[in-house]
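Student: would you be able to build a 3D model of this:
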Amino acid sequence: MSTSLTKRRMTEKAKADVEESEDAIEEFKEQIADLEKELNEAIKEVQAKWAEIADDMEEIPVHPYKKDILIDLFGVAWFPYHLVEVDGRAIELPGFGNE
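Tutor: Coordinates of the predicted model:
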């Protein structure tokens, strides 16, 4: 008789644990839904804020002077190529390489 009582108590405890877990899952689902709603609202607020900032542009003209331009380095680069005609089409081939 004590064995059947123990089994019944364990069964009831397991059933209570399952019900508690199901309640916790439902509560977590509600929390997730609330958090998603808050996230969407926050995203809308941020998008509205930055859209307003982007629309509020002001053009500032800049007039540089030659005296304000400083050159540290100047150079000229040349990459040779060959112009070849193949089947009536002109093709540019590089005249340099790592071959």
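Student: what helix or strand is the residue nearest the centre of the chain on?
Tutor: With distances taken as C-alpha atoms, centre = their mean, residue 43 lies nearest the centre of the chain, 13.8 Å away. If you go by DSSP states H and E, residue 43 is part of helix 2-55.
Student: pLDDT wise, what is residue 31 at?
Tutor: Looking at residue 31, its pLDDT reads 96.
Student: scratch that, residue 2
Tutor: Model confidence at residue 2 (pLDDT) stands at 69.
Student: same question, residue 24
Tutor: At residue 24, pLDDT is 93.
Student: first vs last residue of stretch 72-82, how far apart are they?
Tutor: 33 Å (C-alpha to C-alpha, to the nearest Å).
Student: ditto for stretch 76-93
Tutor: Start-to-end, stretch 76-93 (C-alpha to C-alpha) is 21 Å.
Student: part of a helix, is residue 63?
Tutor: No: with DSSP: H, G, I helix; E, B strand; the rest coil as the criterion, residue 63 is coil rather than part of a helix.
Student: can you pull the pLDDT of it?
Tutor: As predicted, residue 63 sits at a pLDDT of 87.
Student: any idea how far residue 42 lies from residue 56?
Tutor: Separation of residue 42 from residue 56 (C-beta to C-beta, to the nearest Å): 21 Å. From N, CA and C alone the C-beta is placed, and that goes for glycine too.
Student: please identify which of the two sits among more neighbours.
Tutor: The neighbour count for residue 42 versus residue 56, taken as other C-beta atoms under 10 Å, is higher for residue 42 (10 against 7).
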